[in-house]
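Engineer: sharing a model prediction with you, sequence too.
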Amino acid sequence: MDIIIVGAGKIGANLTKLLALENHNITVIDFNRRVIEALVNENDVIGYVGNGAAFKTQEETGVLGCDCFIAVTGNDELNIMSCMLAAKSGAKKTIARVRNAEYSDQLLFMQNKLGIDLLINPEFETALEIARIIDFPSASKIETFAKGRIDLAEILVTEESPLANLPLKNLKQAIDVSILICAVKRGDEVIIPDGNFVILPGDRLHFTASRHTLPAAFRDLGLQKKKIKSVLIVGGSRTSFYLAKALLKAGKFVKLLEVNKERAIQLEAQLDGASIICGDGTDTDILTEEGLADFDAAVALTNIDEENIILSMYAAQQGVRKTICKINRDPLAKMTAAMLKDCSVVCPKTNTAAIILRYIRAVEKVSGESLKTLYKILDGGAEAAEFIAREDSALVGTPLRNLEFKAGNIIACVSSGKKVIIPDGNTVINPGDSVIVITSQALSSLGEILK
């Protein structure tokens, strides 16, 4: 596909790298010459220094007839204007990063009147991810499929875990609840396991379960923890605002520390029911005064990665049961996840890139199954993809044991109507079923997992 990306910041650079790896023809537009030169040198892409919202720039970079135009600068208005112009100039699909909640609420208007096909709010998506983790504090991450009926949970296997040193073929004997372990990271290796695989302490693994049975799965795995009732948020970003609103709606006590007085006053007016404190969240005296050790969870959402890491470490040291840390840089995210075993690390740019990748793959595939959901898991070493099976799919109507799958693929779960199925060899996929696939490849259709 011919894809144009406006904005070479954190999200734009990450998206450029991922899409270039999938062999798309990429043109990146940004004002910063040094950033463009770096992207061109590191990836097989074309760079252009200029204003992505200018007609001349769009004309010279080939927007006319391009397959997808993506605007992910830090300016909402520039992204919206760029996409409007691109749509009028002949771009087949347009995607805009829009952070302002007021714009996000106008999705239908922007789609119908302005020609913007997809609006993405990274801060809102990150807040939703953190809220899911708080619901299940024993998990490092929780991803959802099939309109919330299926969960994909990431956990760390400890020495005390009933999974430690267990062959997967004996899983049903170890726990009563039906789950499927579908991806494992051991050191730097990502494994799509089979029945002979043996789980070891230190493994990071993903398993699927229905939303209804997930609490019981955590109980049987010895991971059941008391529900989180109180949350301390450090940093008054947009993500903090969205998260606080979600937590308050769920009936949790929320205290938010923000160092900027004007922003603290603004948040106090917007977040009815939250306790807003103007103070430096990196000051141990303030953290002690505000009762850090008494909170069930602490979420570090400042704009500085290193501050978030130190805050999470300190909160864990003070006895906080669950720590969640926002990291923008991939190397730091991996180091933090390895160093702080019980800390959940979230990365907004990774989430945003996954949403855009899902959309592009769905647009790219004119035939075959429809890609509904896509997550990068295990530090990008694997993907979890949800497809809707079509009537003419090669997988429909045949027991899974009679199908030949390519290496590195596993069907992790199937949602058929209101029924959630953890698959085995006798499982038969029907038209319209939601099929969750864990894969080490880049899939755009369900049929690609077959030989």
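Structural biologist: Good, I have the coordinates. Keep in mind that this is a model prediction, so the values were computed, not measured.

Engineer: how about stretch 176-185 as PDB, C-alpha atoms only?
Structural biologist: C-alpha atoms of stretch 176-185 as PDB (Å, rounded to 0.1, in the frame of the first residue of the first chain):
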ATOM      1  CA  ASP A 176     -10.300 -26.600  37.100                       C
ATOM      2  CA  VAL A 177     -11.000 -23.600  34.900                       C
ATOM      3  CA  SER A 178     -10.800 -23.900  31.100                       C
ATOM      4  CA  ILE A 179      -7.900 -21.700  29.800                       C
ATOM      5  CA  LEU A 180      -5.500 -21.900  26.900                       C
ATOM      6  CA  ILE A 181      -1.800 -20.900  27.300                       C
ATOM      7  CA  CYS A 182      -1.000 -19.500  23.900                       C
ATOM      8  CA  ALA A 183       2.300 -17.600  24.000                       C
ATOM      9  CA  VAL A 184       5.300 -17.600  26.300                       C
ATOM     10  CA  LYS A 185       8.400 -15.300  26.500                       C
END
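
Engineer: just the residues contacting it, thanks.
Structural biologist: 152, 163, 168, 171-172, 190-193, 197, 199, 203-209, 213, 216-217, 220, 377-379, 381-382, 384, 410, 412-413, 422-423, 438 (C-beta atoms under 8 Å, 6 or more residues apart in numbering). Using the backbone N, CA and C atoms, a C-beta is placed for each residue, glycine as well.

Engineer: run the last query once more with 6 Å
Structural biologist: For stretch 176-185, the external contacting residues (C-beta atoms under 6 Å, 6 or more residues apart in numbering) are 168, 191, 193, 203-209, 213, 216-217, 220, 378, 382, 410, 412, 422, 438.

Engineer: among those residues, which ones are in helices?
Structural biologist: 216-217, 220 (DSSP state H).

Engineer: most neighbours among these, please name it.
Structural biologist: residue 217 (23 neighbours; other C-beta atoms under 10 Å).

Engineer: could you identify the helix or strand that succeeds the helix or strand hosting residue 125?
Structural biologist: With elements taken from DSSP states H and E, the one containing residue 125 is helix 122-135. Downstream of helix 122-135, the first helix or strand assigned by DSSP H and E is strand 141-145.

Engineer: list the strands paired with that next one, with their directions.
Structural biologist: strand 150-156 (antiparallel) (DSSP bridges).

Engineer: so the partner strand versus helix 122-135, what angle?
Structural biologist: 70 degrees (axes from the mean of the first three to the mean of the last three C-alpha atoms, to 10 degrees).

Engineer: residues in contact with strand 150-156?
Structural biologist: 139-144, 204, 206-209, 211, 214, 341, 384, 413, 415, 420.

Engineer: try stretch 442-451
Structural biologist: So stretch 442-451 is in contact with 22, 361, 364-365, 368-369, 385, 387, 393-394, 404-406, 409, 435, 437, going by C-beta under 6 Å, 6+ apart.
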